[in-house]
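J.: Structure for the following, please:
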Amino acid sequence: MNSLVEDISAARKRITIEATAAEVEGEIQKSLNQVRSRSRLPGFRPGKAPMSLIEKRYRKDVETEVLDRLIPDYYADTIKTKGLNPLTAPILESKDYQSKGDLKIVCYVEVRPEVEGLVYEDLPITSISTEVNDEEVERQIKALAANKTTYIPVDRAIQVDDLIIADIKDVQDGKVYTDQYFKVGSESLSEDFSNALIGKNKSDVVEANTALPDYFPTREIAGKTVQLKVTIKDIKELSVPVVDDELAKDVGVENLEELRTKVKETLEKFNKDRAVKTQKAEIVKAMVDKYDFELPEIALQAELDSIVQQAKTQNSYKELSDDELRQRFKDDAVRSLKAKVILDTIGEKEEVTVSDEELQMRLKDIAYASSMTPEVLKQLYESMQDSLEVLRYTMYREKIVDIIFSKAKIVEGGQ
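T.: Down below sits the predicted model:
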């Protein structure tokens, strides 16, 4: 087999592959012999039918099968030996083959363009402060306390923000709704209804004519103007835990001082992780902005198609047509494909790979976060076309960006 690669442009190549009749026919004869060994034709012992009969019956199908196997193999070998990096599947221009003759195929393919002068060492990144002050720590601790609030019964008159448990009777149709919960002063109650309840006590009966909001908790009468008779069964107030050692113990540490230390460490880690994520995005953006090169058209359209399909799943874009979405996201597609070309070029130079073991570890992490078993998650990924390879490529890019980040230099000033 011989192959020739011609430049159509920097990002598109024409590939001509030629194989001699002897080479192709040798593969066809191997396949015909395999067919013969398995054949069971009337009048002949298994596997002993004359080759002339096998050829007559099976040659056309065998030729098709052999060419379907040889052509991708020849193409893959050409890509490897010529050092090409395809971004799209090849598009066949012509195939010339007559039975027992030579084979010639011509196709073109879009390849990863070269990025001239690409430098990814000592790239500047802005220093970002990750310090956590005492005010932030106290605010987070108060938020922890707020998450542990509960409603407790009280023996007093109703006040704003109390939680009321009551039986509600719709006087007009006689229906009674027992053990209904609602918060006095909330938006789910009309103002006049809340005012009628304030100051009342347990066991009191309150009568009110009111227009209830659409989101009143009792759905059967929500959004209606009704005459109600309300029997108050219980009154509860919101109890917020005191920020003290008991709160600390409740969240799993010895005392309040240790809680402050833990909260500060958590906030610092969060800030550092966010800073690194911002800095990595800054590096990639800077390289995309700096380097210009020809982008292959088919690959660019495929990138835009992918972005548009993702956008169509979001409510904010559902009213836009495909043409409007393509117009809105065409610049995003350019930047995304440029980033892919740049990062893949660096990944090849750095010999970055993602092993099956690393892929399995990531699946385990995702499964743990999703409360799924790794086996079930893997089956889910395998059920979606190319999902595992998409995940592998995501990990591949993460490794590349980590390498670039490790080689970068911090510059002071900025955030």
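J.: In this structure, what helix or strand scores lowest on average pLDDT?
T.: Every helix and strand of the chain was ranked by mean pLDDT, DSSP states H and E. The lowest is helix 374-383, at a mean of 75.
J.: Just the CA atoms of that one, as CSV, please.
T.: The C-alpha trace of helix 374-383 is given here as CSV (Å, rounded to 0.1, in the frame of the first residue of the first chain):
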residue,chain,number,x,y,z
PRO,A,374,-19.6,2.7,40.2
GLU,A,375,-21.1,-0.3,38.2
VAL,A,376,-24.4,1.4,37.7
LEU,A,377,-22.8,4.7,36.7
LYS,A,378,-20.5,3.0,34.2
GLN,A,379,-23.5,1.2,32.6
LEU,A,380,-25.2,4.6,32.4
TYR,A,381,-22.2,6.1,30.7
GLU,A,382,-21.9,3.2,28.3
SER,A,383,-25.6,3.5,27.4
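J.: Pull out the buried positions in that helix.
T.: For helix 374-383, burial by neighbour count (16 or more other Cβ atoms under 10 Å) applies to Pro374, Leu377, Lys378, Tyr381. Every residue, glycine included, has its C-beta placed from N, CA and C.
J.: Which residues outside it are in contact with it?
T.: Gln360, Leu363, Lys364, Ile366, Ala367, Ser370, Met372, Ser387, Leu388, Leu391 (Cβ atoms under 8 Å, 6 or more residues apart in numbering).
J.: same check, this time on stretch 28-48
T.: 49-51, 53-55, 57-59, 62-63, 65-66.
J.: Export the residues you listed as a markdown table, with columns for pLDDT and secondary structure.
T.: Putting those into a markdown table (pLDDT from 0 to 100; DSSP: H, G, I helix; E, B strand; the rest coil) gives the following:
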| residue | pLDDT | secondary structure |
| --- | --- | --- |
| Ala49 | 86 | coil |
| Pro50 | 87 | coil |
| Met51 | 86 | helix |
| Leu53 | 88 | helix |
| Ile54 | 85 | helix |
| Glu55 | 85 | helix |
| Arg57 | 86 | helix |
| Tyr58 | 87 | helix |
| Arg59 | 89 | helix |
| Val62 | 91 | helix |
| Glu63 | 91 | helix |
| Glu65 | 92 | helix |
| Val66 | 92 | helix |
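J.: in the protein, which spans are helices?
T.: With DSSP state H as the criterion, the chain has helices at 21-38, 51-82, 134-147, 191-197, 245-250, 256-290, 297-311, 322-349, 356-369, 374-383, 387-407.
J.: Where among those helices is average confidence lowest?
T.: Note on those: helix 374-383 shows the lowest mean pLDDT, a mean of 75.
J.: could you give the angle of it to helix 387-407?
T.: Interaxial angle of helix 374-383 relative to helix 387-407 (axes from the mean of the first three to the mean of the last three Cα atoms, to 10 degrees): 100 degrees.
J.: just to revisit the earlier point, chain center to the least confident helix or strand of the chain: distance?
T.: With Cα atoms, centre = their mean, to the nearest Å as the basis, helix 374-383 stands 15 Å off its chain's centre.
J.: So what angle separates the directions of it and helix 356-369?
T.: Going by the same axes, to 10 degrees, helix 374-383 makes 110 degrees with helix 356-369.
J.: What are the phi and psi values at the residue sitting furthest away from the middle of the chain?
T.: Relative to the centre of the chain, the most outlying C-alpha is that of Gly43, 61.3 Å out, by Cα atoms, centre = their mean. Dihedral pair for Gly43: phi 90, psi 0, per degrees, to the nearest 10.
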